[in-house]
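K.L.:
requesting a structural model of the entry that follows:
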Amino acid sequence: MTIVLDDRAALRAMIAALVPFDDREAADRADVLAWIDAGADLYRRVPPDVPPKHLVTYFPPYHEPTDRVFLVDHRKARRRLPPGGHVEPREGPWTTVIREADEELQTVARPHPLCPAGQPLFLTVTQTVGPHVHSDVTLWFPLMLDAGEPITPDPGEFTGWGWYPRAEVIAWPAECTDPQLARFLTKLGRLRTTTATGVVDVG
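P.N.:
Sure, this is the predicted structure:
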């Protein structure tokens, strides 16, 4: 299926604007830019793995004053993960976040002030485990949400949820969550620190 040029160009510009946190993110960004330029289908068409590489979003709410992140216990994955969802055809990634935040958490997605509105903070390319192995190209968008605001996660998708200290989550075993979550939270923490000191540098 043909992807409209403007969609592909906008996504490419979004990815190219990311400042890599480490060598792994730099390599993933180069891989994704080449994937986009090759004309590949970017969107999942048939669950769970067609095409075998496709766009996904994560949108973990982050409460900066207490340095805590909101995570959900995912029924299917059996892991504690950020809320997220697949990017639908002809849908921008931030539009996916808005839609999925309403569907999964019954809350309004608000960009976190630590990163530009509608722009991801982090990018990963991760091979899934278990049957139907495929690659998720994941854009990570931290959301601004107060710890006291009402959140109503979908009990059909999640068995539990809660706010967790960022430093604690970084130390979790990789098999308990997304293996790239610690890197995302480390990048988020570095941005939090450098912004507080007036120096913006996440690389």
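K.L.:
where do the helices of the chain begin and end?
P.N.:
5-16, 23-37, 93-100, 166-170, 181-196 (DSSP state H).
K.L.:
name the helices or strands packed onto the helix or strand bottoming out on mean pLDDT in the chain?
P.N.:
Within the chain, no helix or strand scores below helix 5-16, which has a mean of 86 by mean pLDDT, DSSP states H and E. Other elements packing on helix 5-16 under the criterion 3 or more C-beta pairs under 8 Å, 6 or more residues apart in numbering; DSSP states H and E are helix 23-37. Using the backbone N, CA and C atoms, a C-beta is placed for each residue, glycine as well.
K.L.:
go ahead and name everything in contact with the helix it packs on.
P.N.:
For helix 23-37, the surrounding residues in contact (C-beta atoms under 8 Å, 6 or more residues apart in numbering) are 8, 11-12, 15-16, 18, 20, 42, 53, 122-125, 137, 183, 187.
K.L.:
quick one: that helix to chain centroid distance?
P.N.:
16 Å (C-alpha atoms, centre = their mean, to the nearest Å).
K.L.:
heads up, I number from 20, so please use that
P.N.:
Will do, 20 is the new start, and the previous item becomes helix 42-56.
K.L.:
picking up where we left off before, can you tell which of the helices of the chain is closest to Ala166?
P.N.:
Proximity of those to Ala166 was assessed by C-beta to C-beta; the nearest stretch is helix 185-189, lying at 12.8 Å.
K.L.:
what mean pLDDT does the closest one have?
P.N.:
Mean pLDDT, computed over helix 185-189, is 97.
K.L.:
for that helix, name the packing helices and strands.
P.N.:
Packed next to helix 185-189, using 3+ C-beta pairs under 8 Å, 6+ apart, are strand 87-93, helix 200-215.
K.L.:
now tabulate the helices of the chain in a markdown table and tack on mean neighbour count and distance to Ile170.
P.N.:
Listed next are those as a markdown table, based on neighbours: other C-beta atoms under 10 Å; distance: least, C-beta to C-beta, whole Å:
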| stretch | mean neighbour count | distance to Ile170 |
| --- | --- | --- |
| helix 24-35 | 14 | 27 |
| helix 42-56 | 16 | 29 |
| helix 112-119 | 19 | 13 |
| helix 185-189 | 16 | 17 |
| helix 200-215 | 18 | 19 |
